[in-house]
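Student: missing the sequence, but the structure's below:
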């Protein structure tokens, strides 16, 4: 059905005809994208013109005007109708009656309406007071009535906008910045607002307004396609949800992708991110140009007076071979020859990042159009310039984005295309894969003084997640890619091997430190064997910290830093020739012995709470950052200790960070055994409970008078969870050869109150003894490791271990 067919069907049939034609247009699926938006706008234009004509008979000096998105002809299925009833002020009562004749039919159909009734003078005055009104009027489009009245307003509004541009454009830029601060960046959000987030439809509209001012213009390449893509996604979102929403929620992304004929939700997000990146980059370039023009206008009169009326010449300061700084940007020198200098893009980028200046759009486009490919392997200068760029800190991000916007990054590093704009469906990650890699390099640049080979650290930071563009384990895939890339950019064989090791094992330290028993010699020996040398360990330690800091606040803390540092010290000792200590040789502290003796004498649990603090890693002089609270519990050996303690802590809303359980030998003359639990916990919110309350509840849990399951169920019922995305099911596996003294069972599940209690209860039911537990929570995901043995303290037979893991998984899924 064409727009003409739809409009013909709706003409003369009133609201019901319009509603039927509208429904048919939106549901038949014959049209989509710009043709459907144009058809919907055309259909609505005709209907509103009929309403206007029916109510304005004999009335002069009145017109109906579409403004904002409707004025641009960008009607999505659930868009508001932005309308202005413009009049000359000669008959206000008749105009008010006409407004009712138009507005009420719109409301009767359930359509959202943003309306106003003004004279041209009132419209101009309101626009002068309200920037949003002025932006809407820039897109004014005549619908019906007095065409001259509409044309006069359009001419006046555009003239006002251009005359006031030096004042209004900084206001618009501030408005965009405030909105970006509130809504975040569209190109990185898992649930983005297509309209309000930075790089969204609002920013695209702002760029149109800047162009209308004649003061500056946005880069045109790709901008129209980016805007069209976001509008297409919004259309599909409106159709699949039946709501006027601009937020692309997780639970709706698959349906929207299907509506658009895309493979899956990841493909959808990647297209959204690519569009947002184009708009964001165009915004950066445009606002920079606006600032340059406004500064030059302010300075030019004084310069002309000083130069006797001559035209001022911008100063050019050399930065590197073929690269100069001019007017706050990095540009190519007049003698630069990109077609003869393949290193020039990296040299210019490094110079810009080191100077903290943006790369000129013209310079980047000239290099993209004419520069020759680098030879393989790269010359030493090219590799050095890449390392300089990566080591320049925060300015690296803007410079890298400028190169990427014109396709230079994928020409230098073809493997980059697979991670470009790739979403990460993990709440821990703040960034797409490619931006995370750059953020890691920025973080690594702060740690270069801690390592002997900062160049290897920076390149490893750039490549550590490069395997995420391929199926399977990204560390294994990344190792292969890293070997190839490192060789192409000119590293020698030994350096290539180190970079491959760093990429392959970039998660080794943090995963081992938070999920394994560091007292177990097998743990430390396995890490030492994987790392191979002190220098590689040093690099891996710095890369681990940079990676975690670049991931997001949930991925790194002083507690995790302390665990990783402890592991590094132990591995370093082994690499130096020392043997890892036998875990059974660890002697209890005086406090642990005191608690064990008291537990033996009283026949019940004894508790001690002690705050653990450490100065923050980045600011040693600052306030101590809490590692949590150390909770020591000694209790006579008996069944059900782990689930009882975990359940009591869950009841009191205490989050377990680490947990260790072992039997203590009592002094001579005391028979029996005492279990010692050394846990670190933190309150979810509020203050910590008193130790006496914890002990009282633990006594009741152990003797069976406290039904922990019922108490946790009551709390869940009192605070029902919000509807959201269904998490993937829990997974329980046996980690092969992880320890010589125990069987290691790994649990990966959605974090929830009482999870550790349910795990402990299931392990207790399976008849195994939990020697220690290592708990790690990343965002909404719990990744826990349990060292379990038979009743005699030996590792489980292989078949038994698999059975226990299967039973535990079934219990968690039930």
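Tutor: Sure, I can see it. This is a predicted model, so every value here is computed, not measured.
Student: Could you pull out the helices in the stretch 151-300 of the chain for me?
Tutor: 201-212, 223-241, 250-259, 265-306 (DSSP state H, counting those that start in this stretch).
Student: does residue 682 count as helix, strand or coil?
Tutor: Recorded secondary structure, residue 682: strand (DSSP: H, G, I helix; E, B strand; the rest coil).
Student: where's it relative to residue 380, distance?
Tutor: 50 Å (Cβ to Cβ, to the nearest Å). (Each C-beta comes from the backbone N, C-alpha and C, glycine too.)
Student: Give me the more crowded residue out of those two.
Tutor: Using other Cβ atoms under 10 Å, the more surrounded residue of residue 682 and residue 380 is residue 682, with 17 against 10.
Student: doesn't residue 658 make contact with that one?
Tutor: No - applying Cβ atoms under 8 Å as the test, residue 682 and residue 658 come out as separate, 10.8 Å apart.
Student: pLDDT at residue 8, what is it?
Tutor: We have a pLDDT of 53 for residue 8.
Student: how deep is residue 522 tucked in, by neighbour count?
Tutor: By other Cβ under 10 Å, neighbour count at residue 522 equals 18.
Student: That one contacts residue 735, doesn't it?
Tutor: No - counting by Cβ under 8 Å, residue 522 sits too far from residue 735 to count as a contact (10.7 Å).
Student: Redo the helices of the stretch 151-300 of the chain as JSON lines? Include mean neighbour count and mean pLDDT.
Tutor: Formatted as JSON lines, the helices of the stretch 151-300 of the chain follow (neighbours: other Cβ atoms under 10 Å; pLDDT from 0 to 100):
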{"stretch": "helix 201-212", "mean neighbour count": "21", "mean pLDDT": "95"}
{"stretch": "helix 223-241", "mean neighbour count": "21", "mean pLDDT": "95"}
{"stretch": "helix 250-259", "mean neighbour count": "18", "mean pLDDT": "94"}
{"stretch": "helix 265-306", "mean neighbour count": "18", "mean pLDDT": "86"}
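Student: among these, which is nearest residue 705?
Tutor: Of all these, helix 250-259 sits nearest to residue 705, with 42.5 Å by Cβ to Cβ.
Student: contacting residues around that closest one?
Tutor: Here helix 250-259 makes contact (Cβ atoms under 8 Å, 6 or more residues apart in numbering) with 190-191, 233, 236-237, 239-241, 248, 263-265, 267-269, 724-725.
Student: same thing but at 10 Å, please
Tutor: If you take Cβ atoms under 10 Å, 6 or more residues apart in numbering as the criterion, helix 250-259 is touched by 29, 32, 190-191, 232-241, 243, 245, 248-249, 262-269, 271-272, 423, 425, 723-726.
Student: what's the answer for stretch 792-799, then?
Tutor: For stretch 792-799, contacts defined as Cβ under 10 Å, 6+ apart pick out 584, 663, 734, 736, 738-745, 766, 768-769, 771, 787-790, 801-805.
Student: Mind checking which of these are buried?
Tutor: By the neighbour-count criterion of 16 or more other Cβ atoms under 10 Å, those include these buried positions: 734, 738-739, 741-745, 766, 768-769, 771, 787-789, 801, 804-805.
Student: Of the residues you listed, which belong to helices?
Tutor: Secondary structure from DSSP state H places 801, 804-805 of the buried ones among the contacts of stretch 792-799 in helices.
Student: what is in contact with residue 522 and residue 735 at once?
Tutor: Listed as contacting both residue 522 and residue 735 by Cβ under 10 Å, 6+ apart are 516, 744.
Student: Would you confirm that residue 377 contacts residue 493?
Tutor: No - using Cβ atoms under 10 Å, residue 377 makes no contact with residue 493, being 11.6 Å away.
Student: between the two, who's got more neighbours?
Tutor: Taking neighbours as other Cβ under 10 Å, residue 377 and residue 493 compare with residue 377 leading, 15 against 8.
Student: Might you report the residue contacts of residue 694?
Tutor: Residue 694 neighbours (Cβ under 10 Å, 6+ apart): 605, 607, 609, 631, 633, 645, 648-649, 651-652, 654, 681, 688.
Student: Between these, which sits nearest residue 347?
Tutor: Nearest to residue 347 among these, counting by Cβ to Cβ, is residue 681 at 53.2 Å.
Student: tally of neighbours for that closest one?
Tutor: Around residue 681 there are 20 residues (other Cβ under 10 Å).
Student: Identify the bridge partners of it.
Tutor: residue 629, residue 656 (DSSP bridges).
Student: gap between it and residue 80?
Tutor: Applying Cβ to Cβ, the value for residue 681 to residue 80 is 51 Å.
Student: Where does pLDDT dip in the protein?
Tutor: Counting by pLDDT under 70, the ranges of the chain that qualify are 1-15, 29-30, 299-314, 579-586, 611-628, 668-669, 684-686, 718-727, 776-781.
Student: So for it, the centremost residue is which one?
Tutor: Nearest to the geometric centre of the chain sits residue 430, at 2.7 Å (Cα atoms, centre = their mean).
Student: distance of residue 106 from residue 474?
Tutor: In terms of Cβ to Cβ, residue 106 sits 52 Å off from residue 474.
Student: likewise residue 521?
Tutor: 30 Å.
Student: swap in residue 51?
Tutor: To residue 474, residue 51 is 58 Å away according to Cβ to Cβ.
Student: Residues contacting stretch 115-126, please?
Tutor: 61-63, 65, 67, 80-90, 92, 95-96, 98-99, 102-103, 106-107, 127, 133-134, 136-137, 140, 149-150, 152-154, 156-157, 159-160.
Student: what comes up buried for it?
Tutor: 115-120, 123-124.
Student: any idea how far that stretch is from the chain center?
Tutor: Centre-to-centre, stretch 115-126 and its host chain are 42 Å apart (Cα atoms, centre = their mean, to the nearest Å).
Student: Over to stretch 426-444?
Tutor: Taking Cα atoms, centre = their mean, one finds stretch 426-444 lying 8 Å from the centre of the chain it belongs to.
Student: Quick check: buried residues in that stretch?
Tutor: Across stretch 426-444, burial judged by 16+ other Cβ under 10 Å covers 428-444.
Student: cool, and stretch 151-168?
Tutor: Residues of stretch 151-168 classed as buried: 153-154, 156-158, 160-161, 165, 168 (neighbour count, 16+ other Cβ under 10 Å).
Student: Tell me which two in those are the farthest apart.
Tutor: For these, with distances taken as Cβ to Cβ, the pair at the greatest spread is 153 and 165 (18.5 Å).
Student: For the helices of the stretch 151-300 of the chain, give me TSV that also has distance to residue 323.
Tutor: Shown next, in TSV, are the helices of the stretch 151-300 of the chain (distance: least, Cβ to Cβ, whole Å):
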stretch	distance to residue 323
helix 201-212	28
helix 223-241	27
helix 250-259	43
helix 265-306	18
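Student: Could I get the full set of helices for the stretch 1-150 of the chain?
Tutor: For the stretch 1-150 of the chain, helices defined by DSSP H, counting those that start in this stretch occupy the ranges 3-10, 14-27, 33-55, 68-71, 92-108, 120-129, 131-137, 147-183.
Student: most packed of the ones you listed?
Tutor: Highest mean neighbour count of those: helix 68-71, a mean of 24 (counted as mean count of other Cβ atoms under 10 Å).
Student: helices and strands around that one, which ones?
Tutor: Applying 3 or more Cβ pairs under 10 Å, 6 or more residues apart in numbering; DSSP states H and E, one finds that helix 68-71 makes contact with helix 33-55, strand 81-87, strand 113-118, helix 131-137, strand 141-145, helix 201-212.
Student: contact partners of that helix?
Tutor: So helix 68-71 is in contact with 37, 40-41, 44-45, 48, 65, 74-76, 79-84, 114, 132-133, 135-143, 154, 195, 201, 205, 231, going by Cβ under 10 Å, 6+ apart.
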